[in-house]
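A.B. asks: one predicted model, sequence on top.
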Amino acid sequence: MARYRGPKTKIARKFGEPIFGTDKSFEKKNYPPGQHGANKRRRKSSEYGLQLKEKQKAKYTYGVLEKQFRNLFEKAMRSKGVTGEVLLQLLESRLDNVVYRLGIAPSRSSARQLVTHRHITVNGEILNIPSYTLKPGDIVSIREKSKSLEVISDSLSARRSGSSSWLEWDEQQMIGKFLNRPEREEIPETIKEQLIVELYSK
């Protein structure tokens, strides 16, 4: 299963931003990890180093391992449109990401857990595959028995309305709808997707 179980703050500090969500430890130490921290002189990264860093950032952000990520890139290459943008659209269309974007879970890792533990349904059917790619019009909802779960109710109470324009959420019925794949400007992640395309195109 594609999951990173190591120290998340250390990874966030490596990339210089809280890629796993709100992180109080990162706010206290928002400089690179290591013995010398903020005072260490960093060598200028090579072109390859920058490209690799951007790919790793995307993989950690969405919780995807190398083989899955490579398969998504190849799928994006075969699709119409700009490869980098299509890659991000495919990542955003994953079931675990949509559960997170809808506000059902506080983080992508938590969303992945809800999906694998069979708390989420797609078009009325229980689906426990976090990497499942949603299609426009798909209905994502919480299983009836799971609506009272504390992690879900806490996350929904902290939910910001209208956070993703490409998703629709019915607060009364606890049902979300995947309207369409998001445009690049609708994806808030600060990933430089062109660097990832350049890396894989070598």
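C.D. replies: Structure's in. What do you need?

A.B. asks: ok, and the closest non-adjacent residue to the residue positioned nearest the centre of the chain?
C.D. replies: Closest residue to the average C-alpha location of the chain: residue 62 at 3.3 Å, with Cα atoms, centre = their mean. Excluding its sequence neighbours, the residue lying closest to residue 62 (Cβ to Cβ, 6 or more residues apart in numbering) is residue 91, at 4.8 Å. Any C-beta I mention is one placed from the backbone N, CA and C, and that applies to glycine too.

A.B. asks: then residue 63?
C.D. replies: The nearest residue in space to residue 63 (Cβ to Cβ, 6+ apart) is residue 108, at 5.2 Å.

A.B. asks: wait, a helix at residue 168?
C.D. replies: No - counting by DSSP: H, G, I helix; E, B strand; the rest coil, one finds residue 168 to be strand, located in no helix.

A.B. asks: any idea how far it is from residue 102?
C.D. replies: The spacing between residue 168 and residue 102, counted by Cβ to Cβ, to the nearest Å, is 9 Å.

A.B. asks: residue 62 now?
C.D. replies: 16 Å.

A.B. asks: show me the contacts for residue 45.
C.D. replies: residue 53 (Cβ atoms under 8 Å, 6 or more residues apart in numbering).

A.B. asks: what's the residue nearest to the centre of the chain in contact with, if anything?
C.D. replies: Residue 62 touches 91, 94, 97, 108, counting by Cβ under 8 Å, 6+ apart.

A.B. asks: could you dump those residues to a markdown table with neighbour count and pLDDT?
C.D. replies: Listed next are the contacts of residue 62 as a markdown table, based on neighbours: other Cβ atoms under 10 Å; pLDDT from 0 to 100:
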| residue | neighbour count | pLDDT |
| --- | --- | --- |
| 91 | 25 | 97 |
| 94 | 25 | 97 |
| 97 | 22 | 96 |
| 108 | 23 | 92 |
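
A.B. asks: ranges for the strands of the chain?
C.D. replies: 120-122, 125-126, 139-142, 167-170, 175-178 (DSSP state E).

A.B. asks: could you dump those strands to a markdown table with mean neighbour count and distance to residue 68?
C.D. replies: Putting the strands of the chain into a markdown table (neighbours: other Cβ atoms under 10 Å; distance: least, Cβ to Cβ, whole Å) gives the following:
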| stretch | mean neighbour count | distance to residue 68 |
| --- | --- | --- |
| strand 120-122 | 21 | 19 |
| strand 125-126 | 8 | 22 |
| strand 139-142 | 21 | 20 |
| strand 167-170 | 17 | 22 |
| strand 175-178 | 20 | 20 |
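
A.B. asks: residue 53: which of the ones you listed is closest?
C.D. replies: Across the strands of the chain, residue 53 has its closest neighbour in strand 167-170 (29.3 Å, Cβ to Cβ).

A.B. asks: give the partner strands of that closest one in its sheet and their orientations.
C.D. replies: Neighbouring strands of strand 167-170 in its sheet, by DSSP bridges, are strand 175-178 (antiparallel).

A.B. asks: which secondary element of this protein has the worst mean pLDDT?
C.D. replies: Using mean pLDDT, DSSP states H and E, the weakest-scoring helix or strand in the chain turns out to be helix 24-28, at a mean of 53.
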